[in-house]
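Visitor: Give me a model of this one.
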Amino acid sequence: MNFYSIFLLILLSLFSIQVTAEPPRCQSENQCKTDSVCDDGHCLTVDEMFEKYGKGKI
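Guide: Numbers count the residues shown, from 1 in each chain. Down below sits the predicted model:
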């Protein structure tokens, strides 16, 4: 292989790596901050819970 082929393979390998910055999923409220709850594996605050589920019927 010539130099350009090796260079191309290196570039492809560098750009094909996908890094996700997603935080780890929670299993219980103990893994969340004090003002958050664990819902479907994500720590949500009270405001985020209202946004997700609505305020309900009053």
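Visitor: What residues sit buried inside stretch 33-49?
Guide: Buried residues in stretch 33-49, defined by neighbour count with 16 or more other Cβ atoms under 10 Å: 36-38, 43-44. To be clear about C-beta, it is placed using only N, CA and C from the backbone, and glycine gets the same treatment.
Visitor: Oops, could you answer that again for stretch 24-31 instead?
Guide: residue 26.
Visitor: How far off centre is that stretch?
Guide: 13 Å (Cα atoms, centre = their mean, to the nearest Å).
Visitor: Equivalent analysis for stretch 6-13, please.
Guide: Per Cα atoms, centre = their mean, the centroid offset for stretch 6-13 relative to its chain is 28 Å.
Visitor: Okay, now the unreliable bits of this structure?
Guide: 1, 15-23, 56-58 (pLDDT under 70).
Visitor: if we can go back for a sec, quickly name whichever of the buried residues of stretch 33-49 is closest to residue 30.
Guide: Ranked by distance to residue 30 (Cβ to Cβ), the buried residues of stretch 33-49 are led by residue 38 at 8.4 Å.
Visitor: Now the closest one. Nearest residue, chain neighbours left out?
Guide: Distance criterion Cβ to Cβ, 6 or more residues apart in numbering; nearest residue to residue 38, sequence neighbours excluded, is residue 26 at 4.1 Å.
Visitor: Tell me where the longest helix sits in this structure.
Guide: The residue-count maximum for a helix in the chain (DSSP state H) belongs to helix 3-15.
Visitor: Mind checking what helix or strand follows that one in sequence?
Guide: strand 36-39 (DSSP states H and E).
Visitor: List of residues touching the very next helix or strand once past that following strand?
Guide: Remark: after strand 36-39, the chain's next helix or strand is strand 42-45, criterion DSSP H and E. Applying Cβ atoms under 8 Å, 6 or more residues apart in numbering, the external contacts of strand 42-45 come out as 25-26, 31-33, 35-38, 52.
Visitor: I'm done for today, thanks for sticking with me.
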